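Enquirer: Below: sequence and its predicted model.
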Amino acid sequence: MKTFIKVLFILSLIGIFSTLFFLPINEQEPEKHEIKVVATIFPAYDLARSISKDTDVQNKMLIQPGSDLHSYEPSPQDIVDIKNSNIFIYNGGESEEWVEKIISEINTANTIIIRMMDSVELKTENIDGVLEKEEGEQEEYDEHIWTSPKNTIKIAKTIAQAFKNSNPDSTATYQRNLEQLTEEINELDKKFQRLADKKTGTLIVADRFPFKYFVEEYGFDYIAAFPGCSEQTEASAKTIAELSKIIAQNHEKIIFHLELTNTKIAQTLAESTGAHQLTWHSLHNVSLEDFNAGYSYVDIMTDNLSNLDKALHDRTTN
């Protein structure tokens, strides 16, 4: 009897192990099709981030938060990241001439490359209303295309199509995110238009002026110290005097400076005229704090709307 029980026990063990042995190995989850996106500047990064929300997309911005685009130089790792990306988004223009050289020297056969300036109708660099014009400069296309909400929607559609081409399985999600983003930007566009219809005055910028697409979209008047991509940070006495004169004639006495720039000129004018300083954000880049907080294109343009409203006065009605 004991022998029988022992044999039965052994056979049971054999049966258990045989079953385990012949059970199919658990299939691994299919490998996710992660899309690697590299963007040079904040507008490109943020649009990609918004459109790829809730999908397996890894977005990276090359320029470090808080730094100046005009002094950026790509690191060896940046070049590797561009080469290994599924989608690479850059703006184009004089500030990103380095991009053209890099993509001509590396293998980008497996990378969808988006040049944002190809998505919109370009305008030449603005000099009207700019006090310190740079002599001998060749006429260039203005690269600050994203300052126009309508342009930004066109760029977003181009980026969304690249995502759909790279990963068709997530097309519905990309489209839903694009529609939501488009709705938000269209609402901003309407608010800026209502502001332009309701208020008037001169926007005074004691800094560079990268807003040509924006002011031409809505018809705002302005005066600024330097062109959009100027490397100047010191204004002449003549420029300071002219800005002071305009401030004295301005009811609101508000002067603008750009984000992440030297505010020395604005500070000098504020001290001499009693004017109040505000930021007009060009969206080249954001601070590290705002980047970590997930500050977006829509957030920044909403802040710009509020600040522009403060700097203008109501139109007189007849």
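Expert: Looks like it arrived, so ask away. Residues are numbered from 1 along each chain as shown.

Enquirer: quick one, strands of this structure?
Expert: If you assign secondary structure with DSSP state E, the strands in the chain sit at 35-39, 57-61, 87-90, 112-115, 199-200, 202-209, 221-227, 254-257, 276-279, 313-314.

Enquirer: Please identify the buried residues of stretch 153-160?
Expert: Using 16 or more other Cβ atoms under 10 Å as the burial criterion, the residues of stretch 153-160 that qualify are Ile153, Ile155, Ala156, Lys157, Thr158, Ile159, Ala160. In this view, the C-beta of every residue, glycine as well, is placed from N, C-alpha and C.

Enquirer: Please work out the average pLDDT along it.
Expert: Throughout stretch 153-160, pLDDT has a mean value of 98.

Enquirer: Need the residues that contact that stretch.
Expert: Around stretch 153-160, the neighbours that count as contacts under Cβ atoms under 8 Å, 6 or more residues apart in numbering are 43-44, 47-48, 50-51, 87, 89, 114, 116, 118-120, 145-146, 174-175, 177-178, 181-182, 185-186.

Enquirer: Off-centre distance for it?
Expert: Computed by Cα atoms, centre = their mean, to the nearest Å, the separation of stretch 153-160 from the middle of its chain amounts to 12 Å.

Enquirer: Please save the CA atoms from that stretch in PDB.
Expert: Coordinates of the C-alpha atoms in stretch 153-160 are reproduced here as PDB (Å, rounded to 0.1, in the frame of the first residue of the first chain):
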ATOM      1  CA  ILE A 153      -2.200  76.000 -36.800                       C
ATOM      2  CA  LYS A 154      -0.700  75.400 -40.200                       C
ATOM      3  CA  ILE A 155       2.500  74.100 -38.500                       C
ATOM      4  CA  ALA A 156       0.500  71.900 -36.100                       C
ATOM      5  CA  LYS A 157      -1.200  70.200 -39.100                       C
ATOM      6  CA  THR A 158       2.100  69.500 -40.700                       C
ATOM      7  CA  ILE A 159       3.500  67.900 -37.500                       C
ATOM      8  CA  ALA A 160       0.300  65.900 -37.000                       C
END
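
Enquirer: re the thing from before, out of the contacts of stretch 153-160, which are buried?
Expert: When neighbours are counted using 16+ other Cβ under 10 Å, these contain these buried positions: 43-44, 47-48, 50-51, 87, 89, 114, 116, 119-120, 145-146, 174, 177-178, 181-182, 185.
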